[in-house]
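> I'll drop the sequence and a predicted model, then ask my questions.
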Amino acid sequence: MDFPSALQNGGKAIRSRGKPGCTLCRSEGAVLYRGLKDRIYDAPGEWGYRRCPSPRCGLIWLDPEPVEEDLGITYERYYTHAEAGVSRSTRSIPPAKRAYLFARNGYLERRFGCGSGAPSSWRTRAGFLLHLFPGRRADLDFSGMYLPLVPGGRLLEIGCGRGDQVAWLTGLGWNAEGLDTDPVAVRAGREHGRNVRLGRMDDEAGAPDRFDAVVMSHLIEHVRDPRSLLRGAHRVLKPGGAVSIVTPNTRSLGHRRFGAAWFHLDPPRHLNLFHPALLRQMCEDAGFREICVSTVIRDANSVFAASRSISTTGRCSMGPPRGLPLAAWAKMRQLREWITLRRDPEAGEEIALVARK
């Protein structure tokens, strides 16, 4: 097969195709960025992005994009291939951390109905204290995937990686399982007892109306056909079941400030990137209703720190900002974004969408 381009680095190559047309509406896109490299995991090649000119669309997509057979090269050093985390014994947790965990559990109990044992008024009161910390509260809202608990309800995470979130959601009270196309990540998860399996949404076509909830955390930007993914999620949900989607927001403050250095571009793994109105419309087209969409500041401090690193050095690393000055600067940027959300609801770094079948 003849491919227009083979992008090489270190003896490897990723075959790619040019993609001038929009993934969703086929309009020819305007070049947004060119000459981008993988700033995190050193996948070979140079990449670019286009933006759809249609006012009804506005999708941003990767051009050129890797051919299907070579996508695995872009994930060879991905974080889901690292050793899965192991929980620490509570006996080794310092008192301050124990106090936070007490408040965290109270917040989750009140916010999502999650918790073990009898409800505790002291725990829920402690949870109120987390309202003083918007960044921490955003992390906890994400940890519950913005969904009220259905005790014992069946939940499917699509794009589960090692199953870290599957394990967490199981601990909150869901009957959770995960699906992923990456055999290395799935194997790592299964070795740690996570309820994950290898497969695609197409494999679920013969079993509709199975799940009370479907969650996708930073998945939809990785797939070639996001509309098909949403239709598949709709198909496997029970009537009244909920889908929860978290994905980067192309209209965020971080993207506005850093442009081509924005961490969430993540070439060549992020194939399609969305703004809130577009994701809402896609969910409506897939048959969802009662759609609630917002933008959030979850992990915005890390995104700002990583984006600044990319803008100055061309590279960044995963994880929280290192060094007190950078960490303080990043937290201030996150707080500023939270304040900005009051007048600009599209300012958050991520889109959080919940909808019903």
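Good, I have the coordinates.
> which SS class is Ala260?
Per DSSP: H, G, I helix; E, B strand; the rest coil, the secondary structure class of Ala260 is helix.
> Assess the claim that it and Leu36 are in contact.
Yes: taking contacts as C-beta atoms under 8 Å, Ala260 lies within contact range of Leu36: 6.3 Å. (Each C-beta comes from the backbone N, C-alpha and C, glycine too.)
> Mind checking which of these two has more residues around it?
Per other C-beta atoms under 10 Å, whichever of Ala260 and Leu36 has more neighbours is Leu36, with 20 against 17.
> Which strand residues bridge that one?
Following DSSP bridges, Leu36 is listed with bridge partners Trp47.
> residue ranges with poor pLDDT in the chain?
1-11, 82-91, 115-119, 205-206 (pLDDT under 70).
> what's the single longest strand in it?
Ranked by residue count under DSSP state E, the longest strand found in the chain is strand 237-248.
> And it, what does it pack against?
Applying 3 or more C-beta pairs under 8 Å, 6 or more residues apart in numbering; DSSP states H and E, one finds that strand 237-248 makes contact with strand 211-217, helix 226-236, helix 276-285, strand 350-356.
> Need the contact partners of the last one.
What it means is strand 350-356. Contacts with strand 350-356, where a contact means C-beta atoms under 8 Å, 6 or more residues apart in numbering, come from 141-142, 146-147, 240-249, 252, 274-276, 279-280, 283, 288-296, 298-299.
> same question, the longest one
Helix 226-236 is contacted from outside by 23-24, 156, 158, 201-202, 204-205, 207-211, 214, 216, 219-220, 223, 243, 272, 274, 282-283, 285-288, 357, using C-beta under 8 Å, 6+ apart.
> Ramachandran angles for Arg194?
phi -80, psi 140 (degrees, to the nearest 10).
> Also Gly173?
phi 120, psi 0.
> Touching, it and Leu149? I think so.
Yes: using C-beta under 8 Å, Gly173 makes contact with Leu149 at a distance of 5.0 Å.
> hey, what's in contact with both of the two?
Cys114.
> Could you pull up the residues touching the residue most central in space within the chain?
Nearest residue to the geometric centre of the chain (C-alpha atoms, centre = their mean): His218, 2.0 Å. For His218, the contact set (C-beta under 8 Å, 6+ apart) comprises Gly159, Val246, Thr247, Pro248.
> looking at the helices and strands packed on strand 237-248, which is buried most?
strand 211-217 (a mean of 24; mean count of other C-beta atoms under 10 Å).
> ok, and what's touching that one?
Applying C-beta under 8 Å, 6+ apart, the set of residues contacting strand 211-217 is 142, 145, 147, 150, 153-159, 165, 169, 174, 229, 233, 236-238, 241-247.
> Now do it against strand 237-248, angle only.
Taking axes from the mean of the first three to the mean of the last three C-alpha atoms, to 10 degrees, strand 211-217 and strand 237-248 form an angle of 10 degrees between their directions.
> ok, strand 211-217: who's next to it in the sheet?
strand 154-158 (parallel), strand 237-248 (parallel).
> The first one: how far from the chain's middle?
The reference is to strand 154-158. 15 Å (C-alpha atoms, centre = their mean, to the nearest Å).
> For that strand, buried residues please.
For strand 154-158, the neighbour count (16 or more other C-beta atoms under 10 Å) marks Arg154, Leu155, Leu156, Glu157, Ile158 as buried.
> now these as a markdown table including distance to Arg50?
Compiled in a markdown table, these are given as follows (distance: C-beta to C-beta, whole Å):
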| residue | distance to Arg50 |
| --- | --- |
| Arg154 | 39 |
| Leu155 | 35 |
| Leu156 | 32 |
| Glu157 | 30 |
| Ile158 | 26 |
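> So which of those residues is the closest to Asp63?
Asp63 lies nearest to Ile158 out of the buried residues of strand 154-158, by C-beta to C-beta, at 25.1 Å.
> The closest one touches Asp202, doesn't it?
No: the pair Ile158 / Asp202 is not scored as a contact, 11.6 Å apart, by C-beta under 8 Å.
> ranges for the strands of the stretch 51-200 of the chain?
All strands of the stretch 51-200 of the chain, identified by DSSP state E, counting those that start in this stretch, fall at 60-62, 65-66, 154-158, 175-180, 196-198.
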